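**Student:** show me how the following folds:
(one chain, ligands or ions: 1)
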Amino acid sequence: MSESAFLRCINPDCDATFAVNQALTGCPTCGDLLDVDYDWDRLPVPKNLREFESRWSLRNEPLEFSGVWRFRQLLPFAQENQIVTIGEGQTILQQASAVARFCELPEDRLHLQYEGLNPSGSFKDNGMTAACTHAHMVGAKHAACASTGNTSASLAIFASATQMFRAIVFVGSGKISYGKLSQALDYGSKTLQLLGDFDDAMRQVQDVCREEKIYLCNSLNPFRLEGQKTIIYRVLESLRWQVPDWIVVPGGNLGNSSAFGKALHELKHLGLIDRIPRLAVINARGANTLYRLYEQQGLRWNGGRLDRQILDAFYAEMDKSGRRAATLATAIQINRPVNLKKALRSLEVCDGVVREVSDQEILDAKAQVGAGGFGCEPASAASVAGAKLLRAEGVIAPSETVVCILTGHQLKDPTATVAYHAADEEQFDRELGSHGVHAAPFANNPIVVENELHRIMEVIHGLN
Ligand code: F0G
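**Tutor:** Next up, the predicted model:
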């Protein structure tokens, strides 16, 4: 199996290939990003996506139970006995009528793909199972990542659940939510709180991994993205293999955006789908590198030959002005997305658009997701805020089917949620005011009541 899978540099002027049994997170020849690529003609690919449905009846087999590995013929880089799984990918797509109304879409047009249901509470487990499988293939004893909190939680749970390697996670100091930090600590990974932000941590962890031959589990690792392709497979499966018109996803380090474009391109190439949905990547306004480069400065994939001048000038200005990412949606508080180039490729494949949304728009959308029966962390709600914006702009038509990816669980980051709903103005201002959030139109204020039955009754009778 392994010879039909290989690593390939995404730079068309390099195009170097490498065997999959090496731990590479960048091209040794030119330094560009790597893809996992396949010689599909030599692989047993299903003729029809419906073949995957029969796997549900085999759910007592761990590889069929996994929402990632039951699609293993579409990410065939490992032998079955090498696969590392903890039951990831048991996630669902659901029609969300109330949220559709909020986005001004017909009730049956909006679907939410709830990735918070993964073992560590975010979509990251889809990618981590693939990275850990590869780590196992190369015999890694230590694995590391930089994280805004979810990647670290995911790596930590895989390390503790499998006991196959030791996890070392780098997080920015004071930059991650307590829910996520608690996971890394509880699962027993070595946790380095760097006195810096995610972009600093990302740079440092790469150097550490290179020097110490530690296995890197960030989405620079192309195997991570192979696992994340399966989010798209599950979306299609839930829609009975009908392709939606739009996939809307928050953009941080741009791993999902990259993986989704690859998944869709491959499915089309294999003749398993007949058209590709459009992709909308949503940045938080305070961390909007992709938005600025793609929408404002016209940077394009351009066959893999990006306009370096635009890119270099952009980062030079960022360094000169000392601009740091700043958003309440801490999961996507990233100014230097490592997968930028692959995301531009996805935007080309999917005729994509990029938008930015404010923290106010994110929290309002999040409150609607919660009231609509789902619940997600702030970064995830960027997708819903983005869908609403695109609908208001008329870019998304009312007749179109929209899938928003909810990337992380509501309980990951309760601070912003409680502050939004709190009746306490001081708490509101302290937590949200500095992020430009000044109103909570969908707040569900807790009611403070004296510890007296008649007082409680007055409140109860006053409820409508
Ligand atoms: N949503 C959540 C909940 C996330 O945790 C992340 C990324 C994203 C969206 C953005 O996804 O990077 O694929 O564009 N979190 C990373 C982390 C960076 O370290 O947990 P992306």
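**Student:** could you use CA atoms for every contact and neighbour count after this?
**Tutor:** Noted.
**Student:** contact partners of stretch 122-139?
**Tutor:** The contact list for stretch 122-139 (Cα atoms under 8 Å, 6 or more residues apart in numbering) reads 21-23, 68, 78, 82-86, 88-89, 115-116, 118-119, 143, 150-151, 154-155, 158, 164, 215, 217, 219, 221, 223-228, 230-231, 407-409.
**Student:** drop anything exposed from these.
**Tutor:** Buried members of the contacts of stretch 122-139, scored by 16 or more other Cα atoms under 10 Å, are 21, 23, 68, 78, 83-86, 88-89, 115-116, 118-119, 143, 150-151, 154-155, 158, 164, 215, 217, 219, 221, 223-228, 230-231, 407-409.
**Student:** tell me which entries of the residues you listed lie within helices.
**Tutor:** Members of the buried ones among the contacts of stretch 122-139 lying in helices (criterion: DSSP state H): 150-151, 154-155, 158, 223-228, 230-231.
**Student:** quickly name whichever of these is closest to Gln204.
**Tutor:** Distances from Gln204 to those, taken as Cα to Cα, are shortest for Thr151 (15.8 Å).
**Student:** close to the ligand: what parts of this protein are there?
**Tutor:** Within reach of the ligand by Cα under 6 Å from any ligand atom, the chain has these residues: 147-151, 250-256, 331-332, 379-380, 407-408.
**Student:** swap the cut-off to 8 Å and go again
**Tutor:** With Cα under 8 Å from any ligand atom as the criterion, the chain meets the ligand at residues 122-124, 145-153, 198, 218-219, 249-258, 331-334, 337, 377-380, 406-409.
**Student:** still on that earlier bit, dump the ones in helices among the buried ones among the contacts of stretch 122-139 to TSV, plus distance to Cys103.
**Tutor:** Shown next, in TSV, are those (distance: Cα to Cα, whole Å):
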residue	distance to Cys103
Asn150	27
Thr151	29
Ser154	31
Leu155	34
Phe158	36
Phe223	35
Arg224	32
Leu225	29
Glu226	31
Gly227	30
Gln228	26
Thr230	26
Ile231	23
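**Student:** what pLDDT does the model give Glu452?
**Tutor:** As predicted, Glu452 sits at a pLDDT of 96.
**Student:** how close does it get to Glu458?
**Tutor:** 10 Å (Cα to Cα, to the nearest Å).
**Student:** pick out whichever of these two has more residues nearby.
**Tutor:** More neighbours surround Glu458 than the other of Glu452 and Glu458, with 11 against 8 (other Cα atoms under 10 Å).
**Student:** only C-alpha atoms, please: export the helix or strand hosting the more buried one in CSV.
**Tutor:** In the assignment (DSSP states H and E), Glu458 maps to helix 453-462. C-alpha atoms of helix 453-462 as CSV (Å, rounded to 0.1, in the frame of the first residue of the first chain):
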residue,chain,number,x,y,z
LEU,A,453,-39.8,31.0,48.4
HIS,A,454,-42.2,33.9,47.8
ARG,A,455,-39.5,35.8,46.0
ILE,A,456,-38.7,32.8,43.8
MET,A,457,-42.5,32.5,43.1
GLU,A,458,-42.7,36.2,42.1
VAL,A,459,-40.0,35.5,39.5
ILE,A,460,-41.6,32.3,38.3
HIS,A,461,-45.0,34.0,37.9
GLY,A,462,-43.4,36.9,36.1
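**Student:** neighbouring contacts of that helix?
**Tutor:** Counting by Cα under 8 Å, 6+ apart, residues outside helix 453-462 touching it are Val449, Glu450.
**Student:** return the helix or strand in this structure with minimum mean pLDDT.
**Tutor:** Taking mean pLDDT, DSSP states H and E as the measure, helix 425-432 is the helix or strand of the chain with the lowest mean score, a mean of 88.
**Student:** packing partners of it?
**Tutor:** Under the contact criterion of 3 or more Cα pairs under 8 Å, 6 or more residues apart in numbering; DSSP states H and E, helix 425-432 touches helix 414-421.
**Student:** can you check what angle separates the helix it packs on from helix 425-432?
**Tutor:** 140 degrees (axes from the mean of the first three to the mean of the last three Cα atoms, to 10 degrees).
**Student:** low-confidence ranges in the stretch 351-464 of the chain?
**Tutor:** Residues of the stretch 351-464 of the chain meeting the criterion pLDDT under 70: none.
**Student:** so which residue of it comes closest to the ligand?
**Tutor:** Minimum separation of the stretch 351-464 of the chain from the ligand (Cα to the nearest ligand atom) falls at Gly408, amounting to 4.1 Å.
**Student:** need the strands for the stretch 301-450 of the chain, in chain order.
**Tutor:** 353-357, 402-406 (DSSP state E, counting those that start in this stretch).
**Student:** which one of those has the most crowded surroundings?
**Tutor:** When the strands of the stretch 301-450 of the chain are scored by mean count of other Cα atoms under 10 Å, the highest mean neighbour count falls to strand 402-406 (a mean of 28).
**Student:** what residues does it touch?
**Tutor:** 109-116, 244-250, 376, 380-381, 383-384, 387.
**Student:** circling back to that earlier point, restricted to helices, list the residues of the chain next to the ligand.
**Tutor:** Secondary structure from DSSP H places 124, 150-153, 198, 255-258, 378-380 of the residues of the chain next to the ligand in helices.
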